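K.L.:
Take a look and give me a structure for this.
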Amino acid sequence: MNIPNFLSLLRIILVPVIVIFLIQGSYAKVLIIFVIAGLTDALDGAVARLLNKQTKLGSFLDPLADKILLSTSFISLAIFGLIPSWLAVIVISRDFIILLGLVILSMMSVTYEIKPVFVSKITTTLQIATVFFALLLKTYTFDIISYNWIIILSWLTASFTIISGLIYIIKGIKFINRTA
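P.N.:
Next comes the predicted model:
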């Protein structure tokens with residue numbers, strides 16, 4: 001077990017802690033744990049590249065940890081009314097469609113390489129920002145941040161989530177057509 005893989009596992013372990021604190025209404029603690037989880041995401045990739053510790057396990061574990069963290073956060077925040085439920089449906093649906101596409105490609109024995117597209121990096125950043133600002137707004141009252149800003153951020157996040165999902169669908173179809 002190397003440091004980057006440990007950081008990815010730590011991110012997965014922090015997910016139930018986030019849910020527990022949400023259930024308890026301890027939004028400041030949720031915000032702190034979410035920020036720590038986000039830092040582990042930034043650190044695991046940087047440390048893996050810096051120390052040349054990139055592994056097959058890490059290439060699987062890192063995106064899995066991201067999906068678990070964000071999916072759980074979106075579902076939980078939608079349940080507690082901190083973000084619109086339609087946004088959680090869009091985020092979860094995109095991830096499910098991508099996973100389903102990978103399963104189909106594997107079942108068809110189609111060779112594919114998973115490389116995140118640039119728009120996906122923007123999507124992930126927007127998803128993280130949406131969770132962060134929803135928690136920040138619930139934790140602290142700011143004149144500058146209102147629920148209207150969360151709605152605007154939600155629409156922006158939804159748009160990029162849909163666009164990145166469509167790009168992955170198109171890439172998957174190209175993989176299938178290439179082998180047909």
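K.L.:
From now on I want contacts and neighbour counts done on CA atoms only, so please keep to that.
P.N.:
Fine.
K.L.:
Now do the SS call for the residue nearest the centre of the chain.
P.N.:
Using CA atoms, centre = their mean, the residue of the chain that lies closest to the mean C-alpha position is L70, 3.9 Å off. Using DSSP: H, G, I helix; E, B strand; the rest coil, the structure places L70 in helix.
K.L.:
thought it was touching I128?
P.N.:
Yes. Checked against CA atoms under 8 Å, the pair L70 and I128 is within contact range at 7.3 Å.
K.L.:
how far out from the middle of the chain is stretch 24-43?
P.N.:
In terms of CA atoms, centre = their mean, to the nearest Å, the centre of stretch 24-43 is found 14 Å from the chain centre.
K.L.:
what's in contact with that stretch?
P.N.:
4, 7-8, 10-11, 14, 17-18, 21-22, 62, 66, 132, 135-136, 138-139 (CA atoms under 8 Å, 6 or more residues apart in numbering).
K.L.:
could you redo the last one with a cut-off of 7 Å?
P.N.:
Around stretch 24-43, the neighbours that count as contacts under CA atoms under 7 Å, 6 or more residues apart in numbering are L7, S8, R11, L14, I18, F21, L22, F132, L135, L136, K138, T139.
K.L.:
Report how many residues lie close to the fifth one.
P.N.:
The reference is to I18. 24 (other CA atoms under 10 Å).
K.L.:
could you pull out the helices for this protein?
P.N.:
3-24, 27-50, 56-79, 85-107, 118-139, 147-179 (DSSP state H).
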